[in-house]
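Peer 1: A predicted structure for the sequence below; I have some questions about it.
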Amino acid sequence: MKILNKIWLVLLLMPMSLMAQNDVQVSQHLFTQTHYNPALTGNSIYANITMLARHQFMDFAGAPTTGLLNFDILAPSINSGFGLSVIYDKYGPLNTYSATVNYAYHIPLGENHKLSFGLGAGATFAQYDASGNIYEQEGDPTEYYDKDSHVRPNVNFGIQYQLKNWTIGASLTHIQEFFMKENLRFSPVNYYLYTKYKFEVGRDWDIVPAISAHYNGVTVNEELSLIVNYTKALWFGVAYRMSDLFVAESIVPMIGFNITDYVRLGYAYDFNLTHLQGYTSGTHELMLTIRFKTNNEQYKTPRFAEWN
């Protein structure tokens, strides 16, 4: 337990502006990308609602807990997508709530060929409350950081290019920080880059390798993943996550079921590969996506029932 106590001591001594700096990390992010790349808003002919719950470091009291809700819908007559992303993140004494309205404009360049731009705008509320802590001795330095709260605007920008089965995208979150004075900055700009390719095997099977990178202002996180998708039944795969020049961080098996053409359930489990692996039983993540018919079915392809 000594190492866990040391970790919490470091976190409690951190100014709130530093503790609130990182975007939430989720393992099934290839299915929930609108929260960090608004260019994917309205990327499907369906209206979509995605809910995700994540609990890290199961044996660690006060460990990070994340909830995510995404909604998006396509308006094909104006080549636009509209959506909303809501995130709750709890990390020990820090609670963060954010809501972002997303918009995307899709430029058709040919059959299964398009370029998309997206913009998200909203606000983040962060509350730090360590008033319930019991201090071992009077004058404990952590007691001077009992309570604090901030509300900040949040602006995200993204771009995605899709040519048939190949996709590449990039995005920036918290871009308003470019224009903030240094002493007023709440979160650093986060940078995302990813690419994937879908190999169609027969009529029903897809194999999708992907590479992604995320820079949060402090570290670079890289990820290699492979998803095998059976279009009308299930999907399964694995991700290998690294940080800071390819240092192993975790390996993530995942599986999902397409319960119907309109309901998908996904689960991922993170095996920690760092020095914390002996102190935690891992991270659980559950995802539910529900999609609804719209008037956009005239735009469907022969493989319309598959999930993006």
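Peer 2: Received it, and whenever you're ready, just let me know what you need.

Peer 1: Got phi/psi on residue 38?
Peer 2: phi -70, psi -10 (degrees, to the nearest 10).

Peer 1: For it, which non-adjacent residue is closest in space?
Peer 2: In this structure, residue 38 finds its nearest non-sequential neighbour in residue 118, 3.2 Å apart by C-beta to C-beta, 6 or more residues apart in numbering. Where you see a C-beta, it was placed from the backbone N, CA and C, and this is true even at glycine.

Peer 1: Roughly how far does that neighbour sit from residue 246?
Peer 2: Taking C-beta to C-beta, to the nearest Å as the measure, residue 118 and residue 246 are separated by 29 Å.

Peer 1: Repeat that for residue 159.
Peer 2: Between residue 159 and residue 246 the computed distance is 26 Å (C-beta to C-beta).

Peer 1: Neighbour count: these two, which is higher?
Peer 2: residue 159 (17 against 11; other C-beta atoms under 10 Å).

Peer 1: can I assume that one is in contact with residue 169?
Peer 2: Yes - here residue 159 reaches residue 169: they are 6.5 Å apart, a contact under C-beta atoms under 8 Å.

Peer 1: got any residues that touch both of those two?
Peer 2: Counting by C-beta atoms under 8 Å, 6 or more residues apart in numbering, the residues touching both residue 159 and residue 169 are residue 39.

Peer 1: Am I right that residue 77 sits in a helix?
Peer 2: Yes - Residue 77 forms part of a helix when assessed by DSSP: H, G, I helix; E, B strand; the rest coil.

Peer 1: Now the residue nearest to residue 38: which helix or strand?
Peer 2: When elements are assigned from DSSP states H and E, residue 118 belongs to strand 113-129.

Peer 1: and that strand, which strands flank it?
Peer 2: Strand 113-129 pairs in its sheet with strand 94-110 (antiparallel), strand 147-163 (antiparallel), by DSSP bridges.

Peer 1: Just tell me which of those ends up closest to residue 29.
Peer 2: strand 147-163 (13.1 Å; C-beta to C-beta).

Peer 1: Would you mind putting the CA coordinates of the closest one into CSV?
Peer 2: Extracted in CSV, the C-alpha atoms of strand 147-163 (Å, rounded to 0.1, in the frame of the first residue of the first chain):
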residue,chain,number,x,y,z
LYS,A,147,-11.6,22.8,-2.1
ASP,A,148,-11.5,24.6,-5.5
SER,A,149,-13.6,24.8,-8.6
HIS,A,150,-13.3,26.2,-12.1
VAL,A,151,-15.5,26.6,-15.2
ARG,A,152,-13.8,27.0,-18.5
PRO,A,153,-14.9,27.1,-22.2
ASN,A,154,-13.9,24.2,-24.4
VAL,A,155,-13.3,24.3,-28.2
ASN,A,156,-12.2,21.3,-30.3
PHE,A,157,-11.4,21.0,-34.0
GLY,A,158,-11.0,17.9,-36.2
ILE,A,159,-10.5,16.7,-39.7
GLN,A,160,-11.0,13.3,-41.3
TYR,A,161,-10.3,11.9,-44.8
GLN,A,162,-11.9,8.7,-46.0
LEU,A,163,-11.1,7.0,-49.3
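
Peer 1: any idea of the mean pLDDT for that strand?
Peer 2: Per-residue pLDDT over strand 147-163 has a mean of 90.

Peer 1: counting contacts, what elements does whichever helix or strand comes after it pack onto?
Peer 2: Note on strand 147-163: by DSSP H and E, the next helix or strand toward the C-terminus is strand 166-173. Strand 166-173 is packed against strand 147-163, strand 190-197, with contacts defined by 3 or more C-beta pairs under 8 Å, 6 or more residues apart in numbering; DSSP states H and E.

Peer 1: can you list those in TSV and add distance to residue 241?
Peer 2: Formatted as TSV, those follow (distance: least, C-beta to C-beta, whole Å):
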stretch	distance to residue 241
strand 147-163	21
strand 190-197	13
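
Peer 1: Just the buried positions in stretch 115-124, please.
Peer 2: For stretch 115-124, the neighbour count (16 or more other C-beta atoms under 10 Å) marks 116, 118-120, 122, 124 as buried.

Peer 1: Taking these together, which two end up most distant?
Peer 2: 116 and 124 (24.4 Å).

Peer 1: Helices of the stretch 151-300 of the chain, start to end?
Peer 2: Here the stretch 151-300 of the chain has no helices by DSSP state H, counting those that start in this stretch.

Peer 1: what residue ranges in it score low on pLDDT?
Peer 2: Confidence mapping of the stretch 151-300 of the chain against pLDDT under 70 gives the ranges 181-186, 276-280, 296-300.

Peer 1: mind listing the strands in it by residue range?
Peer 2: Secondary structure of the stretch 151-300 of the chain, counting by DSSP state E, counting those that start in this stretch: strands at 166-173, 190-197, 199-201, 205-215, 220-230, 234-243, 247-260, 263-272, 283-292.
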